[in-house]
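give me the fold of what follows.
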Amino acid sequence: MDHSFVILPEEQTPKGIQHCELCELSRQRHRVIWGEGNPNAPLMLILDNPGAREDREGNSFLCGTRETLQLGLREAGIEIDSVYVTYLLKCRPVRAYDKPTARAACFPHLQLQLGEKQPLVLFGFGNVVAEALFPQQENISVKELRGSWQEFRGMPIGFTYHPLAVRRRPNLLRFFIDDLAALKEKWRERAADKSSSNNHG
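Next comes the predicted model:
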């Protein structure tokens, strides 16, 4: 494995949520995955659901989603310590499930994370995340959202393709990296604004 890829530490799931049974995923999951990376990071990245954590022998490994994500971050010049990765669903599905019900059950968990962490910038990956965060917008897609900034819960949010889509279609990689580079610029802008505000406060 490329030495630049790392297995990020998982953040401990809050008490009371570790054994969440609000949806059917509780009957097929291995465990609740709250998030990974730096819990105090300025950038919060939102994926649809966790990927595999261990191989068949039980050894920790990087799934394709996380490996491609880290590749994009590295190429865009974003340090891994600057990001916190979380998910719409806090459990990894292993078979078919009622997607709308599961997402509705898990959404308060994401809202809790946003309220507690208050990142400077949010960034979503894939149409599923875009549709879940902006359900009022019909036929929303990252292809249309790319290159622009929306607002969610008072925070700027941008979007790009899902890492697995990038793995399947390598021609998307340059757009993926461009979008992450734009995230880096937005972060710098927000950090400068915050610093200026603090200096004049």
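
looking at this structure, which helix is longest?
Ordering each helix of the chain by length in residues (DSSP state H) puts helix 173-200 first.

packing partners of that helix?
helix 64-76, strand 121-125, strand 155-160, helix 163-168 (3 or more CB pairs under 8 Å, 6 or more residues apart in numbering; DSSP states H and E). For glycine as for every other residue, the C-beta is placed from the backbone atoms N, C-alpha and C.

what angle do that helix and strand 155-160 make?
Using axes from the mean of the first three to the mean of the last three CA atoms, to 10 degrees, the inter-axis angle of helix 173-200 relative to strand 155-160 is 170 degrees.

pull out the buried positions in helix 173-200.
Buried residues in helix 173-200, counted by 16 or more other CB atoms under 10 Å: 173, 175-180, 182-184, 186-187, 190.

lowest-pLDDT helix or strand in the chain?
helix 173-200 (a mean of 93; mean pLDDT, DSSP states H and E).

relative to strand 121-125, how tilted is that helix?
Per the same axes, to 10 degrees, the angle that helix 173-200 makes with strand 121-125 is 160 degrees.

for helix 173-200, the distance to its chain's centre please.
Distance of helix 173-200 from its chain centroid, counting by CA atoms, centre = their mean, to the nearest Å, is 17 Å.

how about stretch 109-129?
Relative to its chain's centre, stretch 109-129 lies at 7 Å (CA atoms, centre = their mean).

list the buried residues for it?
Residues of stretch 109-129 classed as buried: 109-110, 113-114, 117, 119-129 (neighbour count, 16+ other CB under 10 Å).

closest to residue 138 among those?
residue 127 (12.4 Å; CB to CB).

does residue 80 touch residue 6 like I think?
Yes: when contacts are counted by CB atoms under 8 Å, residue 80 is listed as touching residue 6 (6.3 Å).
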